[in-house]
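Visitor: sequence first, predicted model second:
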Amino acid sequence: MQKVSFLVDRQKVTGTLFYPEKIKAKNPAILFVHGWTSNQEKSFQYAETLSKLGFICFLFDMRGHGSSEGDISKSTPKEFLRDVLAAYDYLVSLEEVDPRNISGVGSSFGCYLLAIASKKKSFKRLALRVPADYPNEVFDKAKMQNSGSNNSELVEWRKQPKKSHETFALQAISHYVGEVLVIEAEKDTIVPHETIVNYLNSMKKAKQVTHIIMKDSPHSISPGRFRDEYEQILIDWFKDKI
């Protein structure tokens with residue numbers, strides 16, 4: 001495990017690298033993008049496991065989260081996207097990383113950002129757990145004002161069927177041609193089933209789409225049963241992709 005940092009908009013963003021025991025000249029890598037008000041440490045469990053499979057795993061705290069600099073109350077999705085793009089660039093700049101074999105693993109808001117980033121950067125595969133979506137008009141507004149956990153109007157908006165051209169995330173994912181794993185939480189009250197359907201319906205060009213429903217799982221998962229289950233899902237999906 002190696003702690004690193006890089007600058008985005010003159011603010012320090014902190015990250016962590018997990019390396020396989022045996023490092024090749026060029027290695028597949030995974031970029032983890034955490035959810036809203038979360039942090040990189042909540043995915044250490046998964047990164048440590050996937051690094052043992054042979055992946056270099058890179059996790060980071062978006063601005064205003066964890067130990068990264070920035071004001072979470074003022075930052076916008078557009079600004080958080082810049083963090084994700086900068087983290088991707090940092091990862092592919094590492095000499096031991098194969099830039100042609102980069103995967104993304106995201107949760108909720110992190111999936112939204114990864115979906116948009118997939119149109120700007122090259123991802124061979126994406127693993128999206130409870131992928132959230134947002135109206136385009138809030139992209140330049142403070143994210144704090146548009147959180148699904150405290151915004152009933154947003155949750156109702158997410159329950160409506162949408163075409164792939166209606167949101168930035170759906171539009172971007174509609175052009176994605178790699179492999180996708182979509183993980184739905186059965187008891188999710190923040191990202192409803194219809195949002196998952198909207199994502200799946202937009203993935204027409206994807207090479208392969210796998211949809212898994214975690215039975216009884218809520219949106220946010222704590223250490224224990226559901227995190228262990230999610231870890232096993234990631235292992236099963238990534239183990240033959242080295």
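Guide: Noted; the coordinates are in hand. If you're wondering where the values come from, they're calculated on a predicted model, not measured in any experiment. Numbers count the residues shown, from 1 in each chain.
Visitor: tell me the contacts of F109?
Guide: G35, W36, P77, F80, A132, K143 (Cβ atoms under 8 Å, 6 or more residues apart in numbering). Glycine gets a C-beta too; all of them are placed from N, C-alpha and C.
Visitor: for E21, same thing?
Guide: So E21 contacts K52 (Cβ under 8 Å, 6+ apart).
Visitor: most surrounded residue in the contacts of F109?
Guide: With neighbours taken as other Cβ atoms under 10 Å, the top of these is A132, carrying 27 neighbours.
Visitor: so that one is in which element?
Guide: Following DSSP states H and E, there is no helix or strand that holds A132.
Visitor: and it, how far is that from K52?
Guide: Going from A132 to K52 by Cβ to Cβ, to the nearest Å gives 29 Å.
Visitor: follow-up on the earlier one: just the contacts of F109: which are in helices?
Guide: P77, F80 (DSSP state H).
Visitor: show the pLDDT at the residue nearest to the spatial centre of the chain.
Guide: Among the residues of the chain, the one closest to the centroid is G106, at 1.9 Å (Cα atoms, centre = their mean). G106 is assigned a pLDDT of 98 by the prediction.
Visitor: you'd agree it is in a strand?
Guide: Yes. Assessed with DSSP: H, G, I helix; E, B strand; the rest coil, G106 lies in a strand.
Visitor: wait, what's in contact with it?
Guide: Contacts of G106 (Cβ under 8 Å, 6+ apart): F32, V33, H34, G35, Y112, L113, L114, L126, A127, L128, R129, P131.
Visitor: what bridges to it?
Guide: Residues in a beta bridge with G106, per DSSP bridges, are V33, L128.
Visitor: and it, how far from F123?
Guide: For G106, the distance to F123 (Cβ to Cβ) stands at 10 Å.
Visitor: can you list residues touching both of those two?
Guide: With Cβ under 8 Å, 6+ apart, G106 and F123 have common neighbours L114.
Visitor: for ChimeraX, write the select line for the buried members of the contacts of G106.
Guide: Burial among the contacts of G106 is assessed by 16 or more other Cβ atoms under 10 Å; the matching ChimeraX selection reads:
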select :32,33,34,35,112,113,114,126,127,128,129,131
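Visitor: tally of neighbours for E186?
Guide: For E186, the neighbour count with other Cβ under 10 Å is 11.
Visitor: ok, A142 next?
Guide: Counted with other Cβ under 10 Å, A142 comes out at 15.
Visitor: contacts only, for it.
Guide: Neighbours of A142 in contact, by Cβ under 8 Å, 6+ apart: S73, K74, S75, T76.
Visitor: and which of those is nearest I196?
Guide: Distance ranking of the contacts of A142 against I196, using Cβ to Cβ, places T76 first at 24.8 Å.
Visitor: can you pull the contacts of the closest one?
Guide: F139, D140, K141, A142, K143.
Visitor: tabulate those residues (JSON lines), appending pLDDT.
Guide: JSON lines is the format used below for those (pLDDT from 0 to 100):
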{"residue": "F139", "pLDDT": "97"}
{"residue": "D140", "pLDDT": "96"}
{"residue": "K141", "pLDDT": "95"}
{"residue": "A142", "pLDDT": "94"}
{"residue": "K143", "pLDDT": "93"}
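Visitor: and of those residues, the nearest to I102?
Guide: Of these, the one sitting nearest to I102 (Cβ to Cβ) turns out to be F139, at 24.1 Å.
Visitor: pretty sure the closest one sits against P77.
Guide: Yes. In this structure F139 lies within contact range of P77 using Cβ atoms under 8 Å: 5.1 Å.
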